[in-house]
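**Q** here you go, sequence then predicted model.
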Amino acid sequence: MILIFTEIADGAIKKSSLEAIYYGSKVAEMMGTNSTVLAIGNADEAELAKAGNFGATKVLHANDTKLTNPNSMAYASVLAETVKSIGAKVVITAKSSFADAVTARAAGALKAAVVGNVTELPDLSNGFQVKVSIFTGKAFADVNVNGDVKILAIKKNVVAPIESGNSAAVQNISPALADNLFAAKVTETIKATGMISLPEADLVVSGGRGMKGPENWQPLLDLADALGAATACSKPVSDLDWRPHHEHVGQTGVKVSPNLYIACGISGAIQHLAGVNSSKVLVVINKDPEAPFFKAADYGIVGDVFEVLPKLTKAVLANK
Amino acid sequence: MKILVCISSVPDTTSKISFTDGDTKLNKAGVTYIIGPYDDYALARAVELKEQTGAIITVLNVGGADAEPQIRKALAIGADDAIRVDVEPTDSYFVAEQIAAVAKEGNYDLILMGRETSDYNSGVVHGIVGEMLGIPSFSPVMQLDLNGNEVNMTREIEGGKEKLIASLPLVLGCQEPIAEWKIPNMRGIMTARTKPLKVIPAAGSALTTTEKYSLPAPKGACKMIPAEEAEKLIELLKTEAKVL
Ligand SMILES: Cc1cc2nc3c(=O)[nH]c(=O)nc-3n(C[C@H](O)[C@H](O)[C@H](O)COP(=O)(O)OP(=O)(O)OC[C@H]3O[C@@H](n4cnc5c(N)ncnc54)[C@H](O)[C@@H]3O)c2cc1C
Ligand SMILES: Nc1ncnc2c1ncn2[C@@H]1O[C@H](COP(=O)(O)O)[C@@H](O)[C@H]1O
């Protein structure tokens, strides 16, 4: 049995989790078994049934009010209990900072092998082997995963789901929740609303120190808006407080792998590339033709961001 | 107050990665090893807490003897003693098992780690250790203050951050701006030479093995578009790259 851990946002399964469901269902097919989805927290039953569209037959929904706010320890306890109760041998999740926290604790409870940044379906011809991205995209390792329970965190865009039109049966579960799982008190949550989530985004427009100051961000935001893209930035930009910390990508920031990453006024330092080099298509706009980023790019424009960005926005809007 | 800081020894990000022995081993020649960048933040905050509370800091690495320069550096920055579990850190569960064994033995109030290693970016060792010890774990923590037994933290979440209060003992994965990296001074470097470094054997066995390494396919040439015709880019992203 394969169990897929999913994350919920606004009552529905996140897009990255739908990819994980599709991946998990493919693994189940390869192993001649079924896949079950675990959804924790407040979600709409009709939305959960959509897991079927991505290959799962069943969704287990733990909807205790104590689970409404994401709590990695409580979620991990539910995950570990579910793995045991359905006898799952493989757990799949989309790689995210929250999922890492959940699967880590579940792994501790289950003595499970955890492998992150998986980039392909497993090779089952001789044991259980997966390809993982290492050194922030600079290399790959083929890893044999042993252990009775295996937990795989997959990178975004590893599979391109084909929707089946099926729907999954949703079953409510009420796992026991020990009090000590709720020992920490969250006193304040500060969250940007109405923004496209950066780790989830297919399209990202990102700005560096070449944007010259926070007051100059509007042309970049306009392009992101026109495209329906998330916004990101380089580390100095968040260090200078031009943009919030959670937008910074790179070695010490968020790692993204969108379909399209547009870098505006970013030099392309190796620490920045570490967060973006698994993007499908990289576009670089920089006034310096020698900027190192061009070496990693698919498309480049040598020019002033403040002249180029409005042109791009205009072209996107005209094309709509 | 006892703090355990877990450090990984990883290739510097700017290192060129290549493999030897038929692509089964990392080519260590020419690679500079450093304390994991996030682990460095954990260590820096631990040293600040030591200055405030007189805490004792033990630094722990799971790895071979080649990690010792990084351990000595941590001692020079301000850790009091060090433990090295002498085994290749193959997988997260296995590493966590070593750390948990040391932690149980030493009864630490606070176990600080980095948010993730910079070689495998797993971000799970702190959670596994927390579960093994039956104590809470949080990551990535951007701010950490102690008030007796009470711990005030700010943690990054998707699209923002949250403030938390919890009690010791805890396991935390740290990231900037929790503290500024510290550079060892001359006195630190001198005293680090004589600080105790205990080498102990590993327990348990690895859950993964690596069969082979590979490098990504080289990137094709970058297609340049003149700035005057910037709008052509959108057309190409639609029709050629097919990402719009
Ligand atoms: C341990 C470590 C970890 C790090 N982690 C990260 C990380 O996670 N993420 C990260 O981003 N960085 C990281 N860095 C910093 C990194 O090394 C670079 O310093 C940083 O990425 C540079 O940011 P930038 O490209 O925005 O700025 P700069 O290097 O200053 O580049 C600005 C660019 O804008 C161009 N420009 C200027 N004006 C214009 C204009 N009008 N139009 C078009 N182009 C223009 C310039 O030609 C230049 O190429 C890290 C560094 C270290 C040492
Ligand atoms: N070999 C190791 N020795 C000591 N600590 C480690 C080791 N590997 C990982 N850690 C710690 O665990 C954190 C998370 O690592 P990971 O889950 O591997 O990304 C790191 O930032 C370190 O603090």
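**A** Received the coordinates, thanks. Ligands and ions are numbered 1, 2, ... in the order given.
**Q** enumerate the beta-bridge partners assigned to the nearest residue to B:Asp91 once chain neighbours are set aside.
**A** Using C-beta to C-beta, 6 or more residues apart in numbering or on different chains and skipping the chain neighbours, the partner closest in space to B:Asp91 is B:Thr208 (4.1 Å). Every residue, glycine included, has its C-beta placed from N, CA and C. Following DSSP bridges, B:Thr208 is listed with bridge partners A:Val145.
**Q** got it, and B:Val62?
**A** With DSSP bridges as the rule, B:Val62 is bridged to B:Val85.
**Q** what is the burial count for residue 57?
**A** Going with chain A. Neighbourhood size, A:Thr57 [other C-beta atoms under 10 Å in any protein chain shown]: 16.
**Q** I was thinking of chain B, sorry if that wasn't clear
**A** Number of residues near B:Ile57 (other C-beta under 10 Å) recorded here: 25.
**Q** is ligand 2 contacted by the host helix or strand of it?
**A** Using DSSP states H and E, B:Ile57 sits within strand B:56-62. Yes. Using C-beta under 6 Å from any ligand atom, strand B:56-62 comes into contact with ligand 2 via B:Leu60, B:Asn61, B:Val62.
**Q** of the residues you listed, which is the most crowded?
**A** Most crowded among the residues of strand B:56-62 next to ligand 2, counting by other C-beta under 10 Å, is B:Asn61 at 28 neighbours.
**Q** I'd assumed B:Pro69 was in contact with that residue.
**A** No. With contact defined as C-beta atoms under 8 Å, B:Asn61 does not count as touching B:Pro69 (10.8 Å).
**Q** touching the helix ranked longest in chain A from outside, list them.
**A** Longest helix of chain A, by residue count under DSSP state H: helix A:15-31. With contact meaning C-beta atoms under 8 Å, 6 or more residues apart in numbering or on different chains, helix A:15-31 is reached by A:1-8, A:13, A:34-35, A:37, A:50-51, A:54-56, A:90, A:92-94, A:96, A:121-122, A:124, A:154, A:156-159, A:161-162, A:199-200.
**Q** just checking, what packs against the next helix or strand along the chain from it?
**A** Next helix or strand after helix A:15-31 toward the C-terminus (DSSP H and E): strand A:35-40. Contacts defined by 3 or more C-beta pairs under 8 Å, 6 or more residues apart in numbering or on different chains; DSSP states H and E place strand A:35-40 against strand A:2-5, helix A:15-31, strand A:58-62, helix A:72-86.
**Q** which of the residues of strand B:56-62 next to ligand 2 lies closest to B:Arg193?
**A** Nearest to B:Arg193, judged by C-beta to C-beta, of the residues of strand B:56-62 next to ligand 2 is B:Asn61 at 17.2 Å.
**Q** neighbours of the residue nearest to A:Lys84 when sequence neighbours are not counted, how many?
**A** Spatial nearest neighbour of A:Lys84, excluding adjacent residues (C-beta to C-beta, 6+ apart): A:Leu110 at 7.5 Å. Number of residues near A:Leu110 (other C-beta under 10 Å) recorded here: 25.
**Q** correct me if wrong: A:Leu110 contacts A:Val83.
**A** Yes. The criterion here is C-beta under 8 Å, and A:Leu110 meets it with A:Val83 at 5.9 Å.
**Q** what residues are shared contacts of these two?
**A** A:Val149.
**Q** ok, back up a step: what about the longest helix of chain A, average pLDDT?
**A** Averaging pLDDT along helix A:15-31 gives 97.
**Q** and if you look at stretch A:283-293?
**A** 97.
**Q** how about stretch A:71-87?
**A** Per-region confidence: stretch A:71-87 scores 97 on mean pLDDT.
**Q** could I have it exported to CSV, CA atoms only?
**A** Extracted C-alpha coordinates of stretch A:71-87, given in CSV (Å, rounded to 0.1, in the frame of the first residue of the first chain):
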residue,chain,number,x,y,z
ASN,A,71,0.9,21.6,13.5
SER,A,72,3.8,19.4,12.3
MET,A,73,3.9,17.3,15.4
ALA,A,74,0.2,16.5,15.4
TYR,A,75,0.1,15.9,11.7
ALA,A,76,3.1,13.6,12.0
SER,A,77,1.3,11.6,14.7
VAL,A,78,-1.7,11.2,12.4
LEU,A,79,0.6,10.2,9.5
ALA,A,80,2.5,7.6,11.5
GLU,A,81,-0.7,6.1,12.9
THR,A,82,-2.2,5.9,9.4
VAL,A,83,0.9,4.3,7.9
LYS,A,84,0.6,1.6,10.7
SER,A,85,-3.2,1.1,10.4
ILE,A,86,-3.2,0.6,6.6
GLY,A,87,0.2,-1.1,6.4
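**Q** that stretch near ligand 2 at all?
**A** No. Using C-beta under 6 Å from any ligand atom, stretch A:71-87 never reaches ligand 2; the gap is at least 13.9 Å.
**Q** ok now that stretch, how far from the chain's centre?
**A** Relative to the chain's own centre, stretch A:71-87 is displaced by 21 Å; criterion: C-alpha atoms, centre = their mean, to the nearest Å.
**Q** and that stretch, what's buried?
**A** In terms of neighbour count (16 or more other C-beta atoms under 10 Å in any protein chain shown), stretch A:71-87 has its buried residues at A:71-83, A:86.
**Q** I appreciate the help and will end here.
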